[in-house]
Structures are given as C-alpha cells and as structure tokens.
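Colleague: Attaching a predicted model along with its sequence, questions to come.
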Amino acid sequence: MEGRIDDDDGDFLSSLSAPSSSYTYTRHLNYSNSEKLAEEQDDTDSDKEKQLNNNRFFSPDEDPTTTTRTPIKIFDRFYDSSSDDDGCGEYHSTPSGSGGLNNGTAVETAGRRLDYMIQFLDRKLSPPENNKSNNPVENSVLPEFVASGGGTGIFKVPLRTAVHPGRPPSLELRPHPLRETQIGCFLRALVSTDDQLWAGSERGLRVWNFSELYSPSSSALAATVGDEDAVPFYESVQTSPTLCVIADEGSRVVWSGHRDGRVRAWKMDKCLDHGTPFREALSWQAHRGPVLSIVMTSYGDLWSGSEGGVIMVWPWESIEKSMALTVEERHLAALVVERSCIDLKSLVTGNSVFNIFTSDVKHMWSGHSGTKVWSAGYLSFALWDSRTRELLKVFNIEGQIENISFMQDVMMEDEMKTKFGSFSKKERPQSAVSFFQRSRNAIMGAADAVRRAAVKGAFGDDNQRTEALITTIDGMIWTGCSNGLLVQWDSNGNRLQDFKYHSQSVQCLRTFGFRIWVGYLSGTVQVLDLNGRLLGGWIAHNSPVIDMAVGAGYIFTLANHGGIRGWSLTSPGPFDSILRSELSEREFLYSSAAADVGIVVVGLQEVEMGAGFLAMSAAKETVGLEGSNAGQGWLDMIGKTLDEGSTFELVGSRQLAGLLIAAWVRNNIADHVGDVDVAAVPCGFGRAIGNKGAVGLRMRVFRRTMCFVNCHFAAHLEAVKSRNADFDHVYRTMVFSRPFNLLNAAAAGVPSAVQMLRGVNAMGINSVEGMAELSESDMVVFLGDFNYRLDDISYDEARDFISQRCFDWLRERDQLHAEMKAGNVFQGMREAIIRFPPTYKFERHQAGLAGYDSGEKKRIPAWCDRILYRDNRSASVSSCGLDCPVVTSILQYEACMDVTDSDHKPVRGIFSLEIAQVNESIRRQEFGEIIGSNEDIKCMLEELYKVPETIVSTNNIILQNQVTSILRITNKSGKDNALFQIICEGESTIKEDGQACDHCPRGSFGFPRWLEVNPAAGIVKPGHIAEISVHHEEFHALEEFVDGIPQNWCEDSRDKEVMLVIKVRGTLTVESTSHRIRVRHSFSGKISMRTDNNNTTSSNIQANLLRRADCQRLSGSSDGPSVSSCKARQNYEFRAPSQRYEDEGSITC
C-alpha cells in the first residue's frame, strides 16, 4: 500500500470504501521535522504530490479489498440526547406536562417496539464471530499499550450515560444544531404564550405549538439543515435580526424589536403553515439604531429602548387605532404609530449628563405588581412611572442615587409649554434661581461622572455590568451581573441584598411562582427561591444559556449554539428517578449506530522555520492572524489529492509558526460534522513562541466531540521532563475558538457582543470549572513529533537491533512508554504496539534503513513521531453504548519509510470508530408517553398542580370622588400558598341606559389610566387574606400625541366600566382559576349596580363610602354575606340611584 496511491477520479478511494455502519476510519499523516519544507520552497507541485501520494491519509470508511457493508447496529444502550453537553452538577427533576403521544395506533407503536427489541436481542445474543467483517484490515485490530493515570482528575474519561445523573431529564425541543448550519439564523431570544413558544432569530421569528411538544420531527423540515430532529415549527418571512421579543396576551400579539430599528407585531392566532412563512400584522420604524429592549407596561403602552439611552413610548391608543385600520387604510398604520411616539430622553435630559442616558438601554422590565418601569444600562438604572411617564429615580449598580433635581425645572417648563404655548427667546422667563439651579445640577452631574470613574478604576465595576433583570411575584426586582452576582432590589430601587453562587457571568433570569432560574455563561442553570436560597443547579448546555421562557409546565432554556431544552418547573422535584429509570429502560427504542463516516486529519511540523518567521508568526498571533504561504500551499496540495470539492471538503485548519493541522470530511457526512473550533498553545521561549507547542482542531461528528492535537515538544535526549511539561501545559491550557477563516460572523449580521460570545470557545466554555477542555471530549487524538528518545543504548546498538528488526527490545528503552507507564505523561491514553523502525533521524534523500544519521553527531534512532488517542472506554465499561458512545480501535499503524524529503519518517494510522447515536424524534415521543402514562408521575403532578381554593370579597365595585376601595382575596387552603395576578380584561363606556358595551382590552391586559390597582400581583399565604387597593385616579384627559407633543386635549367625562380578572394559581402550575370583578367609575355620580338573586328576598345597601377600617373588620370573617365564592355566577343590572341595590356583595365608594 505504501508504494502505490492511485487517485485518478477517486478510483483508489472508491476501492478502499467498504463503509460499515458501525465503523469510522480515520488516518493521520504526520510529517515530522520537515526541514525540507523550509529549505526547498521551490519544489515543483509534482514533487509535493508524489510525496503526498506516498504518505497521505485515507478516508475512515475506506477499505482496499472489499465494499461489503455490515448492518446498522442497534446498541444495547443509548446516550443522553445531547451528549456533547454532558457535565457534572447537582441533579434535579422531571418535566411536567399532561397527556402522552397521539402519533399512531397502539398496534403501530407495539410493532415498532417489537422490531427494535428483535434487533436489540439479535445484537446481544449473536456470537462475536457473526459481527466480523469480511474486510481483513478491519479484523486485524492491533494490540495497544495503555498509559497509567487516566482515571483521575482532568485525565478521567468524561461521564456519559443514557440519562445523565447530574441533571434532570430534559425535553429536546431543538437539539443542538451544528453551528455551520445556522449562519444567518441563530436564535437569540425566547418568549412563551399560553399555547406557543416564540424565538427570535437572525432572520425572523420561529413558533412552536405546545400541543406538538412530543410530536415526531416533521417531514416538511427535512430540508431544513440543522433542524431535522426538532419539534415541528413555523417560520416568519425574513426580517432584520430579531434582538428582543415579548408576548402580549391582551391583544394576542407578539412584539419583536429588530436590528434595523423596527418594531413588528405578529398575531398569535394566525393560521400557520409549515410551507408558507407568516407575515407581521404591523411594523414601524421605532429607532435609528437597533431595538435592544421592549416592554409592555401595566397601562398597555409599549416602551422600546435603543443605543445611547434612547427610550421611546408608543401609547396604546395609537397602536390600537393602527391595528384596527381596514385593509385599504393599512398603509397609514405605521405613520399613525410613528407620529405618536414620546421620547423620554428628550423630556428629562437637561444640562447634566447621566450615565443612564449615555449607555445603551439593554434591559427594561415592568411587572403587574406595580406601576413602575425599570430601564437598565450596563452600570446604572432608571425608575419610571408608567402612568405619568415621569422619571422617578436614577441610581447606579451600587444603589447610589444620582442627582435628578434638575428634572423638576425641565418638567415644569415643558408643562408650561404644553398649556400656554412656547415662549420666544425674548419672552422666555429668566430667573437667577433657575440659572443657579442649572449650574448646580451641571456640577453635580460632573461629580457623579468623576465618582463613577473612580469607582470603576478602584473596584473594576465593569465586572458588575448588568446582564439580566426580572421582577418576581412578591414585587422584588432581581438583577444579574457579569461577575456572577445576583442583586435583589425593592420596587423603589433600594438595594437589599446580593448573592453569588457561580463565578461566571449571568446571562438571563426568569421567574415563575416561588422560584427564580438563573442562566450562566458556562451553560449552568441554577434554581433559587424568592429569598435567594439556592435550591439546586445543573449544567443545562455546553454553551452559554442566553435566554429562558416558561410555558406548558417547562422552563425552556436557549443555548448560544441554538439548542432549546425544556426542564420541568418542579426541578428539583420528587420524581427525577422515575423518569430517569423509565427513559433508561426504553433506550433500545431509539439508539443506533453512525454509518458511512470518512475523516482525514493531517498534522505537519516545521512547515516553515527561521527566527524571522517565528517572530512574525508571534506578532500575527497577537492580533488574531495566522497562517503562511507555505502552509496554504500544503493545504491546497492535500485538497487536490483528496479531490476536495467533489469527494472531500476542508472543515478546518490552524497554523502556529511551523505547526499545521487540518481536517477533511467526505461530502456524504458533511451534514453530520460541524462546530469546528481550533486552538494553538505555544511552548517555546517562555511559552510564547510557536517553534514548540501544539495546534488543535475540535469538531462534532454525529453529535460526539472529537479533538485532534498536533504537537512538537522539546528536543534532546535528556529533556524528558521538559517534554512531559509541554504535554501537561498543552492539555491543561488548550482553549478552542472559532476559526477566523471560516464563517464570517459580520457578514451574517451578528452583533459584536454575540460575535465575542460565540467566537471564544464557541462550542463550550468549560462547563465544569477548572476542567481542561480536552478532558470533556469523547475522543482525543495526539499526533506529531513528541521527540521522546531511547535511553541506555548506543547508536551502534540501536542500528544493530533495527537491522534485525528487534523492536521489542528497543521498545523497552523508549522514554515515552516509560513515562506513560509511570503515569507522568499522556495519562490514560493508548497507542498501538509499534512494529515499524524508529522514524528519527535520517539523512535526506537516502532510502532504506541505511539512511539513519551517520554524521558527526550520530543521533541515536528513536520513535519521535507518534499517534496516541483516548476514547470513552474506562475500567468499568468498554463496549460501545450510550455510557461509552465512542469506542476506537487501531487497524493500521505504520511509518512511511519510502519518504526521503525529511529527516523524519511520516507516521500514519487507520482508526476504526463505533459511535452510538440517538434518534431524537423517537426519544421525544417516548418522553411524552412516559409523562402521560406513568401513574406515579401523574399522581405526583396532580398533587403538585392543585390550585388553592380562594374567595374574593366582592364581585362589584363602584368608584367615585377619587377614593379607594379595598378588595380582599382569602386563601382557604390550609397548606398551599396562592399566587394571584390581577389583569384588566377590558374597558367599556356606559351607555345612557346604564348598560356597558363590549369590553376592549388594552395591551397586555393593562389598566386604564384612571384606575390604579395595587398590588396587582402577589402571594396569599394559607389561611391569610390579601388586601388590594382599587383606587380612582384623577385622569379624565383624552390625549393624542403627535411627534411627542399632546394634541387634541379634552376632558373625558363619560362613565366607564372595566372587568378585572383575578387569576389564582399554585406555586408550581400554569393552570389557574379566575374571579371576575366589575369596576365602575362614576364621573357623574349617577351609577347604580343591581344584582338579581335566585331568591325573592332582597336587602338594601346604602351607597356610601366603605372605609378601610370597615374592610379590615370584614376581612376577619370568611363566611359573611359580603364574600362571594369564585365559582358563583350572578347576573348584574345597573340602574339609577333611586333604585335599590340588591347585591350584598357589592362595594360602593
């Protein structure tokens, strides 16, 4: 085979192709100390091609004698559905949800399982002889030498199991797609509605229906590369990259902010079709720069934030008007909204400059529990009144208040302009007080800036940048920082306490019930209670968790690589072990083997040398540049030999000075290979120069992580410890990142922050703190010039033993084997027993064994050039399965002795790989079937998801004279907390006959401006009563804003009615019960309320003010006549004051 490599039209590669569905072959070509490459740059292409033809790698699935294929395996174990994310951590829980699968008849399901079981048993019971291939190369597995020390520390084989014990079982909504398939369509943001999950991507939006969570992958998505195993989804038309999304259940719309500065509205109830992209219902230009954050306030207005501290308010009235336009008028919709905007920055900024108005508005949040809106830059916050849109407070990340006194003057002046018109320059009132006040404010603003700079310099508050913000059910605000700090604030912006449970940056926060979920840059998810106590945590992804959403009983986590997983809201919960056991028992249903794998990896050393080149290479590395003309020439020549483009394609390469590594894959498996990252570790001259060191290349192959490292270690016989140190340094410090020459992120429209996040260690950011990245791979291959020599032997003795081919005796003198046996280097790694002559050192252009160095130095021959590897095998498991997904054997390990262009002989190897796979679609169906059919899980979920029984004090409230009514919610449960949220289901105007027309909801079920409900969300402890203030505000103006200025101001004196809905749920369920409360606002004082009861008796209630003291007395009883059950239904009739009130459950103020 050494003397002939024919590649005309790929004939020889075809003759080698005998792909077994169970095997992968990989050859590594190692050119060592190729000084010839530097000395003879003018070699002809035919010389290089001849050398390559004598020494190139072969495809992993090639076989020179036969094309027989072995049948696909069904392994006796399956691996965790996204094995690349495996890590250690605390474990907790199971997903919740109801119902199993409805994907065919029971007969079809039973038949499918029977087929899998037969294959499983056939595989287990068949004798090993029946599984052998007819290929003699496959059957000639070489014996191996295994190094000591591989079972501990960073050299321990990574844990792989059917269901990982270190985290809860998860629902794979969208399995980790290969990065190469996602260019231009990475997912960035998540939001959930009652029945859907929405995700913003770089080219639009995607929607998943919760009713299809356990459905098999759709055939309509088969052509969507990267989403073949995902839950069926729907896509929008292409848009500018989506940066933020929120859900508006009131108007049944999802709002999205985009990089082009536009805000778009998408109807939730729109009929969706897999083949037809859906379009937005409304779109307008909101900002000149990107829309970084959006929020819907408790009064229904839409706020959007952009760069430079710009915040725009879009009143609900104009949005409602635009969405109600007819098809013929729809062209005016955007103009109506755009002209209604209110620029908050222009309203409140004066002579002083504040940090909140100079930094980007990265986050905004408004909860129903109050009337405030929080906006956050990286290092400061602003607190706004969502009803009046006034700035209440500006403070920094330490909670220190910034000067805002100047804003009183500005707002008063604006108010005067609005009421009396603008002043001319001559007419503008001037006062010494105003001048000195403004001067003082400017000085105070400058002092604040100096203080911030001093704090930043002394304490590095850049490490405390705000990365996430949420509000919890108890009215508290939580922020997450880039140093891992979690800070709790009250609703007024006072810093209460902080917690730190992880060293890496917080990326997102989400809350539901009594729990807070925290997503970190490391891929870890932690669960806290409302007091900040850590309940548990696990590694959710091997990539940063950039967003989360709650829906259908799951907390969905979006990883930076685009994968989405669902975790039960009960995690950590009581039934993790049940679900884990059930999934493990069904592993044979969806495990299989990879087939037709072909990978070629090439490692070269001393591609180019010389002091000048090394210095230039080091300088280029500091600015992110690498490569050389000589290196590119080798890549081109190897690609030509492999018929690159037709048969193989280059997936990645990395050069560090004279070190070069590159990988090619067959075109037929290219869709299963990706997430290619590269790395370089210099070891020469103070660990700074690349004359010694390593280059690495990492990729995912059939969802398994493989790393290839090309090394050149310290030279000279006595430098054993230096070589050991070089390996240890490389193994511990090699950090992979995205190759610069592939996947132009800027061209794909990725913001700089996302580029930085995805660029460094794009595939995983040390999911286990302190662990080397190489240690987390399923397979690691080291190849190169390790420079280990032979001890205690002379030159002449070595030559004698080589001529007699007594390699066994020479191996006993091998430094590398001695150090590996002692556990000092390459701990736990394997090498085939060497049966070829030492590859160092030769005279150039001298063939045969007579070419060993015969000069003055007479260097002792040695096996400097080696190939070692480590797979998933350990002392406890060695057969391929989901607890050992990659099993490797060496079929060929040899030196290319005919090569004479280098002082080293290249070494090559053929590796056979067995790779276990999971059919994610089937696994997801089984997951749903377990949730819906397991009686223990169903009983536990039923108990956990109970909604506590509650009653309210009244179903009717009349407000007048700007006073306050007290509404009481009583929790009759003796042990469970009740969580409530009050929304406004709609507002209507009362007609002259006393009847209310249709109730029209505001955005996000917001309240009208004349009504204040406080708190609008909260917790009622068992046996306790919550008192809700329902207050009438003096707000009778009907305003329309044009270019931020109120127009057509008039007084609205019509009587109004709103329908409040109190939604009550338990702490762990999305199910709820509802109480409806009619609230009437009487401007004229001529409203009455009548309820017709089933009995004929009635009692009169005087229409007077119900004082707070009266409410407190009434709240002491839970069975009085003023308390109505949440299940009771009554008919209401509204009449004039002269008529009698017949509802004892009403409150009139």
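Modeller: Here it is on my side, so go on. Numbers count the residues shown, from 1 in each chain.
Colleague: Name the helix or strand of the protein that has the lowest mean pLDDT.
Modeller: helix 11-16 (a mean of 28; mean pLDDT, DSSP states H and E).
Colleague: And the strands in the stretch 551-700 of the chain, which stretches?
Modeller: 554-559, 564-568, 591-593, 597-604, 648-656, 659-666, 673-683, 689-701 (DSSP state E, counting those that start in this stretch).
Colleague: Point out the other helices and strands that the longest one packs with.
Modeller: Taking 3 or more Cβ pairs under 8 Å, 6 or more residues apart in numbering; DSSP states H and E as the contact definition, the neighbouring helices and strands of strand 689-701 are strand 597-604, helix 611-622, strand 648-656, strand 659-666, strand 673-683, helix 684-687, strand 704-712, helix 720-733. Heads up, the C-betas are built off the backbone N, CA and C, glycines and all.
Colleague: Any idea which of these has the lowest pLDDT on average?
Modeller: When the helices and strands packed on strand 689-701 are compared by mean pLDDT, helix 611-622 comes last with a mean of 77.
Colleague: how about that one as CSV, C-alpha atoms only?
Modeller: Backbone C-alpha positions of helix 611-622 (Å, rounded to 0.1, in the frame of the first residue of the first chain) are rendered in CSV as follows:
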residue,chain,number,x,y,z
ALA,A,611,14.0,33.3,13.5
GLY,A,612,12.4,35.9,11.3
PHE,A,613,9.4,33.7,10.5
LEU,A,614,8.9,32.8,14.2
ALA,A,615,9.0,36.4,15.3
MET,A,616,6.5,37.4,12.6
SER,A,617,4.2,34.5,13.5
ALA,A,618,4.2,35.5,17.2
ALA,A,619,3.3,39.1,16.2
LYS,A,620,0.5,37.9,13.9
GLU,A,621,-0.9,35.8,16.7
THR,A,622,-1.3,38.8,19.0
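Colleague: what sits up against it?
Modeller: 626, 628, 656-658, 680, 682, 688-691 (Cβ atoms under 8 Å, 6 or more residues apart in numbering).
Colleague: Closest to Q488 out of the residues you listed?
Modeller: Of all these, Q488 sits closest to A680, with 43.0 Å by Cβ to Cβ.
Colleague: got a list of what the nearest residue to that closest one once chain neighbours are set aside touches?
Modeller: Nearest non-adjacent residue to A680, counting by Cβ to Cβ, 6 or more residues apart in numbering: L656, 4.0 Å away. Applying Cβ under 8 Å, 6+ apart to L656 gives the contacts 617, 621, 626, 680-682, 690, 693-695.
Colleague: Apply 10 Å and report the result again.
Modeller: Applying Cβ atoms under 10 Å, 6 or more residues apart in numbering to L656 gives the contacts 617-618, 621, 626-627, 631, 678-683, 689-696, 710, 712.
Colleague: Over to Y501?
Modeller: Counting by Cβ under 10 Å, 6+ apart, Y501 has contacts 484-486, 518, 520, 524, 526, 528, 532-534, 537.
Colleague: I'd like to know how far it sits from L569.
Modeller: For Y501, the distance to L569 (Cβ to Cβ, to the nearest Å) stands at 20 Å.
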